[in-house]
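A.B. asks: coords please:
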Amino acid sequence: MDWTGRARLAAFLILGGATPALAQDAPPPVEGGAPPDEAPPGEPSPSEAEATRAREEADMAAALQQAEGPAAGVETARAPASEGTGATASSRGLSNLLNPAISGNGLLLAGYSSRDEEDAVEERADLETGLSIQELEVALSAIIDPFLRADMVLTASAEEIGFEEAYVTTLEIPHLAVRGGLIKAAVGRHNILHSHAFPFLTGPLPWRALLGPEGLAAPGVSVDLLIPLPWYTELNLQVLDDHFGEPWAILANQTPDDPDTEIDESLDRRALEDLAYVAHLKTLFDLSASTTLEVGATVVGGRNAFDGWTSLVAGDMTVKWRPVAAARYTSFDWQTEVLWLDRGHAPGEDPIGGAHTHLRYQFAQQWWVQGRGAVLGIPGSKDERVWRGEALAAFVPDEFSALRLQYGLERAQAEGASFVHDVFLQVIFSMGPHPAHAY
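C.D. replies: Numbering: from 1, shown residues only. This is a model prediction of the structure:
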């Protein structure tokens, strides 16, 4: 409150405290004068004076609250829309009290890639020469009532727009959380991330090639159970229906039909009641006051389009170091994931796998350097393997923006394959109260 507001408050207190004393010391009315409840002609009655004083006190309180409200972070009072009717902005449906928390993220890309467009594999060629909007995201979150929370994430790119996630989560159930709606499959560490939270500009090479560029997400039910052990242990069980929207790459038949044969190679033999099942277990250990180790394992299963059973097994390990005395200025992360996929009865397909590992080092409050290596095609023959390496430098002024420069080098071991080089600059910006990401 500034000195003007303080002076007005002091004057109000002095006058407010003196008025009762003056009223008590006032002499009784002279004989033949006006009755006690009436005022002499031309002067307001006591009831009118009290009403006037009440209005002045209300105006003074509103003025003082408005003077100090912005400094104290308090919302100022608003006058009624029409006096005597009690109508306010809230009663007319214009209140912000029930609105959800809204946030937005944007990813802008600019760069060059030497990849031949004619030879590009769609799942791997998601960095194209030029300027582009990689993704725009709008997230809404709200506590529905004491029992439910709702989250919705809407994403858009140059090609499409749609919901990435939309679900409700139970609250206040000890050791248990149940989610229902459009959710991401809990496959390892990477699949649950949104694009703006990727450690690098794109997902790891094996994940993009085997799970698809968008990863695995579908309508379903997810149960998170906190197991009571001396160390942190969480079990996540999911039942998902990938018939909604684009079918999962690990379950769908992506073989084109050959017109020279009598059978339809593109036939999908799955029924609508065929679902996908996911189980993920993770444990977290405190190695020291500054270091943690997380280990996880994932199993995914479901009937595929070839009337067989798809099995996916993945494992992940994450080590994080944050010195207690300098957590804002230096840190180190090491993360490794492996994945193995077997699409039973898929013609001409053998089980295939991949792995990636990355290091990230923060050497100043706003600067990071990172490196990642990935391989696709293990344990198959060497001629079918693809290798990729990436180096990234990031300038992160605060939680709402980042500037990242990445160089990538990719090479297939097939005869005649050439190196692919790409250099890209990414700008990330965020608006609003975006919730914290998973640890």
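A.B. asks: assign Ala325 to helix, strand or coil.
C.D. replies: What DSSP: H, G, I helix; E, B strand; the rest coil gives for Ala325 is helix.
A.B. asks: and it, how many residues sit next to it?
C.D. replies: Look at Ala325: counted by other Cβ atoms under 10 Å, it has 8 neighbours. C-betas here are computed from N, CA, C, even on glycine.
A.B. asks: same question for the one 3 residues further on.
C.D. replies: Around Arg328 there are 11 other residues, counting by other Cβ under 10 Å.
A.B. asks: ok, now Trp368?
C.D. replies: With other Cβ under 10 Å as criterion, Trp368 counts 19.
A.B. asks: list the residues that contact it.
C.D. replies: By Cβ atoms under 8 Å, 6 or more residues apart in numbering, Trp368 lies in contact with 360-362, 392-394, 396.
A.B. asks: buried only: go through these for me.
C.D. replies: In those, burial by neighbour count holds for 360, 362, 392, 394, 396, counting by 16 or more other Cβ atoms under 10 Å.
A.B. asks: re earlier: could you dump the contacts of Trp368 to JSON lines with secondary structure?
C.D. replies: Shown next, in JSON lines, are those (three-state DSSP):
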{"residue": "Arg360", "secondary structure": "strand"}
{"residue": "Tyr361", "secondary structure": "strand"}
{"residue": "Gln362", "secondary structure": "strand"}
{"residue": "Leu392", "secondary structure": "strand"}
{"residue": "Ala393", "secondary structure": "strand"}
{"residue": "Ala394", "secondary structure": "strand"}
{"residue": "Val396", "secondary structure": "strand"}
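A.B. asks: turn these into JSON lines, columns for pLDDT.
C.D. replies: Shown next, in JSON lines, are the contacts of Trp368 (pLDDT from 0 to 100):
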{"residue": "Arg360", "pLDDT": "98"}
{"residue": "Tyr361", "pLDDT": "98"}
{"residue": "Gln362", "pLDDT": "96"}
{"residue": "Leu392", "pLDDT": "98"}
{"residue": "Ala393", "pLDDT": "98"}
{"residue": "Ala394", "pLDDT": "98"}
{"residue": "Val396", "pLDDT": "95"}
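A.B. asks: confidence score at the nearest residue to Asp264 once chain neighbours are set aside?
C.D. replies: Among residues not flanking Asp264 along the chain, Asp257 sits closest, at 5.4 Å (Cβ to Cβ, 6 or more residues apart in numbering). The confidence metric pLDDT takes the value 70 at Asp257.
A.B. asks: Asp257: what secondary structure?
C.D. replies: coil.
A.B. asks: residue boundaries of the strands in the stretch 301-439 of the chain?
C.D. replies: 309-321, 331-343, 352-364, 367-378, 386-398, 401-412, 420-431 (DSSP state E, counting those that start in this stretch).
A.B. asks: my read is that the residue nearest to Asp264 contacts Asp268, right?
C.D. replies: No. With contact defined as Cβ atoms under 8 Å, Asp257 does not count as touching Asp268 (11.6 Å).
A.B. asks: quickly note the distance from Glu128 to Gly106.
C.D. replies: For Glu128, the distance to Gly106 equals 18 Å [Cβ to Cβ, to the nearest Å].
A.B. asks: show residues contacting the longest strand anywhere in the chain.
C.D. replies: When the chain is parsed with DSSP state E, its longest strand is strand 130-145. Here strand 130-145 makes contact (Cβ under 8 Å, 6+ apart) with 99-111, 149-158, 164, 168, 171, 194-196, 201, 426, 434-435.
A.B. asks: show me the shaky parts of the stretch 151-300 of the chain.
C.D. replies: Low-confidence segments of the stretch 151-300 of the chain (pLDDT under 70): 265.
A.B. asks: now the longest strand of the chain: mean pLDDT?
C.D. replies: Across strand 130-145, pLDDT averages out at 93.
A.B. asks: show me how far that strand is from its chain's centre.
C.D. replies: How far strand 130-145 lies from its chain's middle: 8 Å, per Cα atoms, centre = their mean, to the nearest Å.
A.B. asks: please apply the same query to stretch 341-357.
C.D. replies: With Cα atoms, centre = their mean as the basis, stretch 341-357 stands 31 Å off its chain's centre.
A.B. asks: just the mean pLDDT for it, thanks.
C.D. replies: Stretch 341-357 shows a mean pLDDT of 91.
A.B. asks: got the contact list for Arg388?
C.D. replies: Counting by Cβ under 8 Å, 6+ apart, Arg388 has contacts 205, 373-376, 408-411.
A.B. asks: list buried members of the residues you listed by neighbour count.
C.D. replies: Buried among the contacts of Arg388 (16+ other Cβ under 10 Å): 205, 373-376, 408, 410.
A.B. asks: would a markdown table of these with distance to Leu216 be doable?
C.D. replies: Shown next, in a markdown table, are the buried ones among the contacts of Arg388 (distance: Cβ to Cβ, whole Å):
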| residue | distance to Leu216 |
| --- | --- |
| Leu205 | 16 |
| Gly373 | 23 |
| Ala374 | 18 |
| Val375 | 21 |
| Leu376 | 17 |
| Gly408 | 24 |
| Glu410 | 23 |
